[in-house]
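Participant: Structure for this input, please:
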Amino acid sequence: MKSDISFVNNILWGDVLTYMLLGAGGLFTLRLRLVQLRRFPEMFRALARPAVSDPAGISPFQALCASLAARVGTGNVAGVAVALYLGGPGATFWMWLVAGLGMATAFAESSLAQLFKVRDGAGAYRGGPAFYIARGLKAPRAATAFAICLIIVFGLVFNAVQANSIAGAAQEAFGVAPLWSGVATTLAAALVIAGGVAGVARFSGVVVPLMAGAYIAVALVVLALNADQTLDLLKLIISSAFGLDQAAGGVAGGMTAAMMNGVRRGLFSNEAGMGSAPNIAAVATPSPHHPCSQGFVQAFGVFIDTLVICTATALLILLSGKLQPGSGVTGVQLTQQAMGVHLGVWGAPFVSIAITCFAFTSIAGNYACAEGALVYLRCDGRVGRLLLRLGLLGMTLWGAVVQVTTVFDLADVSMGFMAAINLVAIVLLSGVVVRLARDYLAQRDAGREPDFDPQLLPELADVIEPGVWDAPSSVAGRPGPVAAAGPQAASVATPLGDLDVARGRQGA
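Facilitator: Residues are numbered from 1 along each chain as shown. Here you go, the predicted structure:
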């Protein structure tokens, strides 16, 4: 069985998904006319506006932080080191390129998640790929398959992977037994997810900026102290990316190794196109009140994940001089040795703390993604939510103390099918994305605050949730119509009583 799973994984992740993700990114980059570059300031504008007081949704800033909690994980630390070891310094350039394409994909899937969002039984916004597949493409079976895969991957198995990383980092740096670190991680996760998506959003809104800010600050200090090497480092990255500096290549050497390893790390790190972040994007009350507003916010999330955090790791490793192809030193060990050069005896503990923070916030973000899929499947009553939370906590504790690669490989297969379904869906709905983007930008260029009118898409009048795009001031405080969210467009009967959604003004 293990060999069969590995065979399917090699096909999915080796070729099929790599080209599908790149193709989708290229398609949206062209159809949206480089919107991620031309309108880059709009990402800051969408975050800088005061959040609308709407009890049905979370703020754009909280949505960004919650999605970053899911995006940013151990791959930003250990995965980048592996990419550099196998592909050389040039892998960094290809990570940048892929992130640029991924920003367009993230814009598309998050705009669709907003457009097709619904209200659950408690009046809170819900949405994501399962909803736009069922409503936009009228393909409920594919939507159900996506939702099930999402719960398996993000609700259960990937949390065991993250807990395993936390346990390994704690044991190596501080000598903590895996069982005790697993218990601590499980208890902490229980406290965070007890508040549902809103609890994850509040937690992420505080922890993620501090976590990412500290990591980036260290990288900036190191760069400032080595400012005289910055230009040479950029030349090395570019020359290695195109195979012009063979001495700097990775284990395989050359342009092909740099390209493939950089591309895969960029794709798998930012998760653009895989269908996870849109589940969080749909929960936000956008400001301006338009689907594309959250599209810009989530595109910025890809920028932070790959072009900022992954780049920080890459530069710290390259500046240390510890990258030696063929040495066998890679992954966490390489990153720890590199930080040891910059921070001395504090290097290894710093990396361990960073991995712990990144992995734990991923567990919280993963739950937020999975809960949205639970709503689509109409299994979001008290019993359903309790089972999901117990499952997540059980996998977290289990993952800290065991190594069962077959289960993790099976999760990779599920995620592969999930990503493939989502990519086909957003490509088929690309015309809708283009019309939304043109409407948003036309209003902005005319000097008006973009505001979405569902009459822009009359052919979708029967699948856009009634009242969900009313002005926030007119809907705040009332539960709204019950969502027709499930596979058969049936009502969600059980309210989510723990969704105490945060309000207030939130700056960028």
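
Participant: rest of the way, CA atoms for contacts and neighbours
Facilitator: Noted.

Participant: excluding its backbone neighbours, what's nearest the one residue sitting closest to the centre of the chain?
Facilitator: Using Cα atoms, centre = their mean, the residue of the chain that lies closest to the mean C-alpha position is Arg71, 3.1 Å off. With Cα to Cα, 6 or more residues apart in numbering as the criterion, Arg71 has its nearest non-adjacent residue at 5.6 Å, and that residue is Asn270.

Participant: how much space is there between that neighbour and Gln333?
Facilitator: For Asn270, the distance to Gln333 (Cα to Cα, to the nearest Å) stands at 22 Å.

Participant: what about the two, which has more around it?
Facilitator: Legend: neighbour count by other Cα atoms under 10 Å for Asn270 and Gln333, higher for Asn270 (32 against 15).

Participant: Would you check that the residue nearest to Arg71 makes contact with Asp305?
Facilitator: Yes: in terms of Cα atoms under 8 Å, Asn270 counts as a neighbour of Asp305; the distance is 5.9 Å.

Participant: Can you report how many residues neighbour Ala227?
Facilitator: 13.

Participant: Quick check: the gap between Gln171 and Pro55.
Facilitator: In terms of Cα to Cα, Gln171 sits 42 Å off from Pro55.

Participant: out of those two, which sits in the busier spot?
Facilitator: Neighbour tally, Gln171 and Pro55, criterion other Cα under 10 Å: the higher count belongs to Pro55, 23 against 16.

Participant: Using the three-state scheme, assign the more buried one.
Facilitator: Recorded secondary structure, Pro55: coil (DSSP: H, G, I helix; E, B strand; the rest coil).

Participant: low pLDDT regions in the stretch 201-350 of the chain?
Facilitator: 244-254 (pLDDT under 70).

Participant: Could you rerun that using 90?
Facilitator: 201-208, 211-212, 223, 225-276, 287, 320-337, 340, 343-350 (pLDDT under 90).

Participant: before we move on, the earlier item: how close does the residue nearest to Arg71 get to Val222?
Facilitator: Taking Cα to Cα, one finds Asn270 at 24 Å from Val222.

Participant: shouldn't Thr306 be in contact with Arg264?
Facilitator: No: counting by Cα under 8 Å, Thr306 does not reach Arg264; the two are 11.8 Å apart.

Participant: more crowded one of the two?
Facilitator: More crowded of Thr306 and Arg264, by other Cα under 10 Å: Thr306, with 30 against 22.

Participant: so who does the closest residue to Ile238 other than its chain neighbours touch?
Facilitator: Leaving aside its chain neighbours, Ile238 sits nearest to Gly90 (6.1 Å; criterion: Cα to Cα, 6+ apart). Shown in contact with Gly90 (Cα atoms under 8 Å, 6 or more residues apart in numbering): 84, 236-242, 249, 255, 258-259, 262.

Participant: Tell me the backbone dihedrals of the residue nearest to Glu465 when sequence neighbours are not counted, please.
Facilitator: Leaving aside its sequence neighbours, Glu465 sits nearest to Val118 (Cα to Cα, 6+ apart; 5.6 Å). Dihedral angles of Val118 (phi, psi; degrees, to the nearest 10) stand at phi -130, psi 180.

Participant: Now for the closest residue to Thr311 other than its chain neighbours, how many residues are close by?
Facilitator: With Cα to Cα, 6+ apart as the criterion, Thr311 has its nearest non-adjacent residue at 7.0 Å, and that residue is Thr92. Close neighbours of Thr92, defined as other Cα under 10 Å, add up to 32.

Participant: just Ser240 next, same as before
Facilitator: 29.

Participant: correct me, but it touches Leu84?
Facilitator: No: here Ser240 lies out of contact with Leu84, judged by Cα under 8 Å, at a distance of 10.8 Å.

Participant: Determine the set of other helices and strands touching the helix or strand containing Gly79.
Facilitator: Assigned by DSSP states H and E, Gly79 falls within helix 78-87. Other elements packing on helix 78-87 under the criterion 3 or more Cα pairs under 8 Å, 6 or more residues apart in numbering; DSSP states H and E are helix 91-115, helix 254-270, helix 311-320, helix 331-343.

Participant: now the end-to-end length of stretch 104-123.
Facilitator: 30 Å.

Participant: re earlier: so what pLDDT did the residue nearest to Thr311 get?
Facilitator: Per-residue pLDDT puts Thr92 at 90.

Participant: and the gap between it and Ala442?
Facilitator: Distance, Thr92 to Ala442, by Cα to Cα: 36 Å.

Participant: swap in Lys322?
Facilitator: Distance from Lys322 to Ala442, by Cα to Cα: 50 Å.

Participant: and what of Leu179?
Facilitator: Taking Cα to Cα, one finds Leu179 at 56 Å from Ala442.

Participant: For these two, indicate the residue with more neighbours.
Facilitator: Per other Cα under 10 Å, whichever of Leu179 and Ala442 has more neighbours is Leu179, with 16 against 13.

Participant: which residues touch that one?
Facilitator: Neighbours of Leu179 in contact, by Cα under 8 Å, 6+ apart: 167, 397, 400-401.

Participant: cutoff 10 Å now
Facilitator: Contacts for Leu179 were tallied using Cα atoms under 10 Å, 6 or more residues apart in numbering; they are 167, 185, 397-402.

Participant: Could you do Pro89 as well?
Facilitator: Pro89 touches 83, 233-234, 236-241, 245, 248-250, 258, 262, 314-315, 317-318, 323, counting by Cα under 10 Å, 6+ apart.

Participant: And the buried ones among these, selectable in ChimeraX?
Facilitator: To isolate the buried subset of the contacts of Pro89 in ChimeraX, counting by 16 or more other Cα atoms under 10 Å, use the following:
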select :83,233,234,236,237,238,239,240,241,245,248,249,250,258,262,314,315,317,318,323
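
Participant: Please save the CA atoms from the helix or strand where Leu187 lies in CSV.
Facilitator: If you go by DSSP H and E, Leu187 is part of helix 178-193. Taking Å, rounded to 0.1, in the frame of the first residue of the first chain, the C-alpha atoms of helix 178-193 are listed here in CSV:
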residue,chain,number,x,y,z
PRO,A,178,8.1,14.6,22.9
LEU,A,179,5.1,13.5,25.0
TRP,A,180,5.3,16.6,27.2
SER,A,181,5.6,19.0,24.3
GLY,A,182,2.7,17.2,22.7
VAL,A,183,0.6,17.6,25.8
ALA,A,184,1.4,21.3,26.0
THR,A,185,0.7,21.9,22.3
THR,A,186,-2.6,20.0,22.5
LEU,A,187,-3.8,22.0,25.5
ALA,A,188,-2.8,25.3,23.9
ALA,A,189,-4.5,24.4,20.7
ALA,A,190,-7.7,23.5,22.6
LEU,A,191,-7.8,26.9,24.1
VAL,A,192,-7.4,28.6,20.7
ILE,A,193,-9.9,26.6,18.7
